[in-house]
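Asks: predicted model and sequence below, questions to follow.
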Amino acid sequence: MAIKNANIWKLQIFKNVKGLLAAPERTLKCVLMDEDAVKLLEIPMATGWVTILEAKLSWMVIQKLKLKMQGSDELVLPISARSYIPLDPLNRLTEAEKKSIVKLDVIASTKYNEAFTRVAENNRTNQGFALLKIVVLAMVVVGSGIMLAFLIKHH
């Protein structure tokens, strides 16, 4: 029993070391302007996006739009639940920058096409495996029939 406990203890040490070596989750402080309230949130950040998975909300991170909070030197990204583009209360974005922001329908159609292509590829692969299964099954049935005929003839 003591050996089993020691093994579990050793594995726990490796898990702790792995946790220490893993990169911490990157987050970004955002001020969410919502219909009900203004909330300061720390949102997980991926490359170029902050996302609240539970609420299925994402915002583009535009560094130029970060603002200092009053009474603090901390930069926050002002966001709204109505748009994936951060708020720009000081009009920092130029017209050219505003036009260069990819529209949401383009992002959606690109993601849809990626998913559709992946599903189509999986279907092709699955159909290939299904055909292979049928061929192998047919070979097994024919081989069994030949062996049965051979056994009956020589018996």
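Replies: That came in fine, so what should we check first?
Asks: quick one, longest helix in the protein?
Replies: Counting residues, the longest helix in the chain under DSSP state H turns out to be helix 104-153.
Asks: test my guess that Leu67 contacts Val76.
Replies: Yes - using Cβ atoms under 8 Å, Leu67 is in contact with Val76, at 6.2 Å. In this view, the C-beta of every residue, glycine as well, is placed from N, C-alpha and C.
Asks: quick check: Leu28 is in a helix.
Replies: No - Leu28 is assigned strand when assessed by DSSP: H, G, I helix; E, B strand; the rest coil, not a helix.
Asks: helix or strand: which one has the closest residue in space to it that isn't next to it in sequence?
Replies: In space, and not counting its chain neighbours, Leu28 is closest to Met45: 4.6 Å by Cβ to Cβ, 6 or more residues apart in numbering. Using DSSP states H and E, Met45 sits in strand 38-46.
Asks: just checking, what packs against that strand?
Replies: strand 27-33, strand 49-52 (3 or more Cβ pairs under 8 Å, 6 or more residues apart in numbering; DSSP states H and E).
Asks: for Ser80, find the nearest of those.
Replies: Nearest to Ser80 among the helices and strands packed on strand 38-46 is strand 27-33 (4.9 Å), distances taken as Cβ to Cβ.
Asks: could you dump stretch 55-75 to PDB, C-alpha only?
Replies: C-alpha atoms of stretch 55-75 as PDB (Å, rounded to 0.1, in the frame of the first residue of the first chain):
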ATOM      1  CA  ALA A  55     -21.200  33.800 -23.400                       C
ATOM      2  CA  LYS A  56     -20.000  33.100 -26.900                       C
ATOM      3  CA  LEU A  57     -18.600  36.600 -27.300                       C
ATOM      4  CA  SER A  58     -15.300  37.700 -28.900                       C
ATOM      5  CA  TRP A  59     -13.700  41.100 -29.600                       C
ATOM      6  CA  MET A  60     -10.800  42.000 -31.800                       C
ATOM      7  CA  VAL A  61      -7.800  43.400 -29.900                       C
ATOM      8  CA  ILE A  62      -6.700  46.700 -31.400                       C
ATOM      9  CA  GLN A  63      -3.800  47.900 -29.200                       C
ATOM     10  CA  LYS A  64      -4.200  51.500 -30.400                       C
ATOM     11  CA  LEU A  65      -7.700  51.600 -28.800                       C
ATOM     12  CA  LYS A  66      -6.500  50.800 -25.200                       C
ATOM     13  CA  LEU A  67      -7.100  53.600 -22.800                       C
ATOM     14  CA  LYS A  68      -5.800  54.400 -19.300                       C
ATOM     15  CA  MET A  69      -8.400  54.000 -16.600                       C
ATOM     16  CA  GLN A  70      -9.100  57.100 -14.500                       C
ATOM     17  CA  GLY A  71      -6.900  57.100 -11.400                       C
ATOM     18  CA  SER A  72      -4.700  54.300 -12.700                       C
ATOM     19  CA  ASP A  73      -1.900  53.800 -15.200                       C
ATOM     20  CA  GLU A  74      -3.400  50.500 -16.200                       C
ATOM     21  CA  LEU A  75      -4.500  50.200 -19.900                       C
END
